[in-house]
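**Student:** Build the 3D model from these lines:
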Amino acid sequence: MSIPAILVSCGIFYISHQTNPHMPDLGFDFGDKILHAFAYFVYGICLIMFIHANFRKISRNQIFLTVLIFGILFGLSDEYHQSFIPGRMAGIDDWIADTVGIIISLLLINPIKRASGTNN
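**Tutor:** Residues are numbered from 1 along each chain as shown. Presented below is the predicted three-dimensional model:
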């Protein structure tokens, strides 16, 4: 169950490493923030599934805290990484959007645990 988390991590890193990547235009200002939040929402779900599958005795609060801290730090490191890429800019607003995506995924811990077959 670690493969999705690794793939999404690598995907985020790969896109962040591109100079001026083509991003879909959602047709409104700050559409890129929606894309950031969505990417980190998916990342958060992958982290939740990874932790739940590999650490059966971990509590909901421990999952929440672990994913929150790891997601926030990964988003921060992603923005820092972008600051070294020509044509890219690191932004606190992007990092906030990343964090919002992680938090939204965390609101779904119980449904994710039910879907995975256990609800401890």
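**Student:** list the contacts for the closest residue to V42 other than its chain neighbours?
**Tutor:** Spatial nearest neighbour of V42, chain neighbours left out: V8 (5.9 Å); criterion: CB to CB, 6 or more residues apart in numbering. Glycine gets a C-beta too; all of them are placed from N, C-alpha and C. Counting by CB atoms under 8 Å, 6 or more residues apart in numbering, V8 touches A39, V42, Y43, C46.
**Student:** Looking at the helix or strand V8 falls within now, give me its mean pLDDT.
**Tutor:** In this assignment (DSSP states H and E), V8 forms part of helix 3-17. Taken as a whole, helix 3-17 has a mean pLDDT of 91.
**Student:** Same check on stretch 37-45?
**Tutor:** 96.
**Student:** which residues make contact with it from outside it?
**Tutor:** So stretch 37-45 is in contact with 5, 8-9, 11-12, 67, 71, 74-75, 97-106, 108, 112, going by CB under 8 Å, 6+ apart.
**Student:** Now that stretch: buried residues?
**Tutor:** A37, A39, Y40, F41, V42, Y43, G44, I45 (16 or more other CB atoms under 10 Å).
**Student:** do stretch 70-77 as well
**Tutor:** Within stretch 70-77, the residues that count as buried by 16+ other CB under 10 Å are F70, G71, I72, F74, G75.
**Student:** Output those in a markdown table; the columns should cover distance to R60, pLDDT and secondary structure.
**Tutor:** Formatted as a markdown table, those follow (distance: CB to CB, whole Å; pLDDT from 0 to 100; DSSP: H, G, I helix; E, B strand; the rest coil):
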| residue | distance to R60 | pLDDT | secondary structure |
| --- | --- | --- | --- |
| F70 | 16 | 95 | helix |
| G71 | 16 | 96 | helix |
| I72 | 18 | 97 | helix |
| F74 | 21 | 96 | helix |
| G75 | 22 | 96 | helix |
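**Student:** Fine by me, thanks again.
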